[in-house]
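> Everything below, folded, please.
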Amino acid sequence: LVGCGYAQCRDVLGVEGRGHRHVFVCHYNPQGNTVFVTGSGQFFSVPAFKWAVDDEKRCSECPPEASACYKGLCYAPSAAEDDSRNELLKMKQWKIEKSVDSKMIEKNWRRL
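Below is the predicted model:
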């Protein structure tokens, strides 16, 4: 279950004062935080996700069933989207290979 919701309320439980309040909540799976109860009876929560330190690590731990990444969130791509992604990857690989080939040709040409 993935989704976000927005509501504008007059009063929000636990928020002092009157007036309009804006509430924006997102729900991702696995749901919420993992909560542990310590030996002293206190609650200890661990986020259900890991923060990426930099852009390269975003979506680095996506499960196989949700292998696509959009702005740091894992999701399951549609079949058509998966095909498009595979085509893009092939094109990128082809460009890399062409780039390597042209560099090799240039390098060898200079030797002559």
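> Kindly report the domain assignment for the protein.
1-61, 77-112 (automatic domain parsing).
> what pLDDT does Ser84 get?
pLDDT recorded at Ser84 is 69.
> now swap in Asp54 and tell me
63.
> One more: Asn29?
Asn29 is given a pLDDT of 57.
> With the one 4 residues further on instead?
Reported pLDDT at Asn33 in the predicted model: 55.
> Please apply the same query to Thr38.
77.
> burial of it, as a residue count?
Thr38: 8 surrounding residues under other C-beta atoms under 10 Å. Yep, even glycine has a C-beta here, placed from its N, CA and C like the rest.
> what is the mean pLDDT for stretch 93-112?
For stretch 93-112, mean pLDDT rounds to 62.
> whoops, stretch 9-16 was the one
Stretch 9-16 comes out with an average pLDDT of 66.
> ok, now how distant is Arg58 from Cys69?
6 Å (C-beta to C-beta, to the nearest Å).
> ok, now Lys92?
Here the criterion is C-beta to C-beta. By it, Lys92 lies 16 Å from Cys69.
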